[in-house]
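pasting the structure only:
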DNA sequence: ACCGGATGAGTTATCGTTAACGTAATTTGA
DNA sequence: TCAAATTACGTTAACGATAACTCATCCGGT
């Protein structure tokens, strides 16, 4: 935290090296156009002055900011940091910097933040779990050049997507629950305005439907431990009967687990519990929670890889579907039944 | 994701409104200098063209990017997202955008990332839990104007700090453990290169020392569940005797808990366990973990508030110390002893 | 000796915005 | 009523970098 930065410019380096700005620019960007001797002189000068190119000036002229916006509903939700890390790992190796924005689970702020990122001249945006309704989403997407949605889809002209095959996940989960003897199902469905919530719910309905069963109860809630807790408590208080609870994600599953514990309901004895995402927490509670694992880091990597292709106008898939994987744990294993 | 953005510039707005660029600039930045009528004409034109100022051009000229870098060791560590959110809440209300960078627990990458943020012309940097040794830290800090360190200190000319009173925390924890009868202490101390690790360890030593006790065993480790698990397993395997384990943070405490569980050691019966940070997880495992709560969101808010003061050259404290709070839970409560 | 094509480097003109200054026209004050 | 102050704008010149072009020089081949 120095007192008086006097920013070193290209000009300064050029002056010290006794060449023109352009020559310095070319050399420092490895575009050749100078003899080895001159190159060395320039690099030495840059080194000596501790020259750091001004990224804004560079971007302004080159119309590339090498900056990418990442929008997440809530970075405190352990689902998202790993997506960010996956994205960052790819971005980093291509010289991009990430701007993370949290919308704090508010659909209103999404547009505002998107707008701000566009104004920041980001080269692209990775938008995770957009909550905004589709009709509002389209005009927002139209203001940016390159967008990859995670856990959400849009028309091909608006954005590409990386999604999880929630229908498959739901089927795997339902089949597993049926296999262990569950017959009455409750669904804690997550945020009503979330695309993924409906994808999962539809998957569950379909999977159950193919066995001639319908869920006994469905309740939307916040995608948090607290949300799951409240929802489960509410379902249980209503006297709904079920022997299996399918949860939006592991956080809500943990919340549901707490609710069961508080009411003296045994998991998995009385109620089997299944979550989504396979966050660390799922293996740390007692009982451990059966979950549909989602490759979060890979989602981030894929999304960024796809985005870079779009930015560079290389051919890219319109949609990438990743498969969830059933991880059977304590919350659905009746040890003594 | 529109096909052919033709960026709308100030010029375009000026042309449509029939005034000069400067007038548009002034009006859109609420600096007056135009009649109400002209202002309306300009605002209408901007609205109609859907004009969005180019933040880079603005920054280039004004020498203010309204952008702030946040460096964290690992955003997947639940300690950091809340700091980020706290910082973001303040930043947002002042018109600043945050760039988050993960160093993935590598001291090498810290300098590199810091450098990149400086090149990005951020107006300031919040650097959390810098791992870099102090002699390497100083020259890095010197390259930026405004820096606030979290969980780390530096000389006043280099950066200001927001820290937690770990000595107090350690004392509270030790006193509590002594009160419940613990006499042999093990310390799982976290990353050896982390400032906070030594602050806590010194605090523990001092607190114990004032009672004429020294820790039986000290082991450094990664600040993760895995790290805590490995360290605890190692301590236990060495046949070290202790009836209390003081952990660097809740993640390592959870890891230690798992290690105990695997070895059939009862917590808190055989070993009492105490962590730091009070992350959600501490209340979700069985037994729940006694922790020294740290106001993470508040750390973020304070750090950003302090940083904005520095940026605006307003007077600001050199150092802000926040107090941890002992939260007694199952891991130190011997229900039947 | 002459030409085509590398090679090495400089010039000029922006990128989109704002600082600083300039200048009419209008208002104010005594 | 007339200078002084204010209002309402316009002009010019950057901010720090790069794209696109220009122009010598040099080298081999014929």
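Structure received. This is a predicted model, so every value here is computed, not measured.

Run the chain-centre distance for stretch A:227-236.
Relative to the centre of its chain, stretch A:227-236 is centred 26 Å away, using CA atoms, centre = their mean, to the nearest Å.

residues making contact with it?
A:186, A:188, A:190, A:217, A:219-222, A:242, A:245, A:247-248, A:251-256, A:258-260, A:262-263, A:265 (CB atoms under 8 Å, 6 or more residues apart in numbering or on different chains). All C-beta spots, glycine's among them, are computed from the backbone N, C-alpha and C.

How about stretch A:249-258?
With CB under 8 Å, 6+ apart, stretch A:249-258 has contacts from A:77-79, A:188, A:190, A:221, A:223-232, A:245, A:247, A:267, A:273-279, A:281-282, A:285, A:287, A:289, A:291, A:331, B:284.

Could you do stretch A:277-286 as well?
With contact meaning CB under 8 Å, 6+ apart, stretch A:277-286 is reached by A:78-79, A:249-251, A:253-254, A:257, A:275, A:288-289, A:291-294, A:296, A:325, A:327, A:329-330, B:225, B:254, B:258, B:281, B:284-286.

Generate a ChimeraX selection restricted to the buried subset of these.
ChimeraX command restricting those to the buried ones, with burial defined by 16 or more other CB atoms under 10 Å in any protein chain shown:
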select /A:78,79,249,250,251,253,254,257,275,288,289,291,292,293,294,296,327,329,330 /B:225,254,258,281,284,285
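
Pull out the buried residues from the contacts of stretch A:249-258.
Buried among those (16+ other CB under 10 Å): A:77-79, A:188, A:190, A:221, A:223-225, A:227-232, A:245, A:247, A:267, A:273-279, A:281-282, A:285, A:287, A:289, A:291, A:331, B:284.

Give the burial count for the closest residue to DNA strand C within the stretch 201-337 of chain A, as a bare number.
Of all residues in the stretch 201-337 of chain A, residue A:311 sits closest to DNA strand C, at 17.5 Å by CB to the nearest atom of the strand. Residues lying near residue A:311 (other CB atoms under 10 Å in any protein chain shown) number 18.

Same check on residue A:239?
Neighbour tally, residue A:239, other CB under 10 Å: 6.

same check, this time on residue A:174
Applying other CB under 10 Å, we find 26 residues neighbouring residue A:174.

The nearest residue to it once chain neighbours are set aside is in what secondary structure piece?
Excluding the flanking residues, the one nearest residue A:174 by CB to CB, 6 or more residues apart in numbering or on different chains is residue A:207, at 3.8 Å. Counting by DSSP states H and E, the element that carries residue A:207 is helix A:195-209.

could you show me where the strands are in chain A, in order?
A:67-72, A:97-102, A:124-128, A:147-150, A:160-164, A:185-190, A:217-220, A:244-247, A:272-277, A:290-293, A:319-322, A:325-327 (DSSP state E).

Tell me which of these sits nearest to residue B:25.
Residue B:25 lies closest, by CB to CB, to one member of these: strand A:67-72, at 23.6 Å.

Is that closest one positioned near DNA strand D?
No: using CB under 7 Å from any atom of the strand, strand A:67-72 never reaches DNA strand D; the gap is at least 14.9 Å.

And the contacts of that strand?
Contacts of strand A:67-72 (CB under 8 Å, 6+ apart): A:59, A:80, A:83-84, A:87, A:91, A:96-103, A:110, A:113-114, A:117, A:120-130, A:304, A:307, B:120.

by how many degrees do that strand and strand B:97-102 diverge?
Per axes from the mean of the first three to the mean of the last three CA atoms, to 10 degrees, the angle that strand A:67-72 makes with strand B:97-102 is 90 degrees.

Each with direction, which strands does strand A:67-72 pair with?
In the sheet, strand A:67-72 lines up against strand A:97-102 (parallel), strand A:124-128 (parallel) (DSSP bridges).

Kindly reformat those as a markdown table containing mean pLDDT, mean neighbour count and distance to DNA strand C.
Formatted as a markdown table, the strands paired with strand A:67-72 follow (pLDDT from 0 to 100; neighbours: other CB atoms under 10 Å in any protein chain shown; distance: least, CB to the nearest atom of the strand, whole Å):
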| stretch | mean pLDDT | mean neighbour count | distance to DNA strand C |
| --- | --- | --- | --- |
| strand A:97-102 | 92 | 24 | 19 |
| strand A:124-128 | 97 | 27 | 18 |
